[in-house]
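*Asks:* Pasting a predicted model and its sequence here:
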Amino acid sequence: MNARMIPAMLAFLAVLQIASAGAPAGLMLGVTTDRDAIYTPGSIRLTFQLTQAARLAGPYDLRITVYVAQSKVREQTMTVTRARPVSYDVPFPRVREITRGSYRAELSLGSELLEAQEGPLALWPPRDLQPVAPYQGKVWVLDTSGALQALLPQFGIKPADASFQTVRDFGSPDIIFVGEYLDSMNMQTLIQRTTGTPKALVAILLRQKQLPEELEVGISKRMDPCCPVVREPKRPLLKDLSGVDVMRLLHDANAVEVEKHVDRSIRSDLTAAREDAKAIPSYLCVVEETNCILLFCQLPAAVPDDPRQMTLLRNLVQFACRTADRADPNQETRIERGKP
């Protein structure tokens, strides 16, 4: 390999790496970020530690440069040794719109540059979850953790807590939000409503570990973590989320496998690039049945301090409200039909 290509290759590997306490084999510098996406104003802490690959006696010089919107905003030179990791806190002022940035770490010994690593940063405006759309329909929440009950009102939604039997005794909902990792007993409540409601129901299911057989949607247990994921561009469910944002959310996610039927419509926004004649493996998809519309989101979307997750949840809420209000279910935006 051409010697001039080595630093570029190392930087490329670092960008793809999900921040962790260590570093890929062969790299001399381990980089940890406490978080690489924040609501502003706020700060991000970068921690650097030499790995066992740094065999020569130090101390080493570490130059850290931070860029925002391609402009250099911070630069700091520090000393790092095998025995003493170093941290660098980078404060950011309030931004008015989502702003992308990056950091670059250059490790040197004497006057020789040994290694360079880069990583992304994302800055969001202050956390202000404005209502996404006026909605007057009946909304239920099935979430034993209570997370969605606390979050949805911040988007202008007034849900009823369907974990209680007394709520379920009164009518049928227009929208059901299902919290993460719902237990099987509460999941049966969803099955009863999707099969027994007299009107079309919109159900938003956050990531699950198992699903009832009646849904004919399984959780993949054999997905290769190296399998690429195809992202559909310009889809409303991924609005304001960059490729890096999506990759961060995909970390440790398990796909759903939606069985194909001639009377079932499937639209997948994040699809595992794996051939399957009977099912579509997806991390984010909409399934339209005869009497209900199901949205399966296997990405995390319930941590209030994570701007990526709150951006995704806002998109899910907006989809639910607009779909429930849709006058004509057969209009041009109808989901593309999955074929057996």
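*Replies:* Sure thing, it's come through.
*Asks:* and the nearest residue to A253 once chain neighbours are set aside, what does it touch?
*Replies:* Once flanking residues are discounted, A253 sits nearest to Q298: 5.0 Å by CB to CB, 6 or more residues apart in numbering. Just so you know, the C-beta spots here come from the backbone N, C-alpha and C atoms, and that holds for glycine as well. The contact partners of Q298, taken as CB atoms under 8 Å, 6 or more residues apart in numbering, are 207-208, 253-256, 282-284.
*Asks:* One more pass at 7 Å, please.
*Replies:* By CB atoms under 7 Å, 6 or more residues apart in numbering, Q298 lies in contact with 207, 253-256, 283-284.
*Asks:* right, and the pair among those with maximum separation?
*Replies:* Spatially, the most separated pair among these is N254 and L284, at 12.3 Å (CB to CB).
*Asks:* Neighbour count for these two, which is higher?
*Replies:* Between N254 and L284, counted using other CB atoms under 10 Å, the more crowded position is L284 (30 against 16).
*Asks:* what pairs with that one across the strands?
*Replies:* L270, C297 (DSSP bridges).
*Asks:* cool, and E288?
*Replies:* Applying DSSP bridges, one finds that E288 bridges with S265, I293.
*Asks:* So it sits against S265, correct?
*Replies:* Yes - between E288 and S265 there is a contact under CB atoms under 7 Å: 3.9 Å.
*Asks:* neighbour-wise, which of the two wins?
*Replies:* E288 (22 against 16).
*Asks:* pLDDT value on that one, please?
*Replies:* Here the pLDDT value assigned to E288 is 90.
*Asks:* Unless I misread the structure, D61 falls within a strand.
*Replies:* Yes - using DSSP: H, G, I helix; E, B strand; the rest coil, the assignment for D61 is a strand.
*Asks:* Report how many residues lie close to it.
*Replies:* D61: 18 neighbours (other CB under 10 Å).
*Asks:* ok, now N186?
*Replies:* Using other CB under 10 Å: N186 sits among 15 other residues.
*Asks:* and the gap between it and I204?
*Replies:* 15 Å (CB to CB, to the nearest Å).
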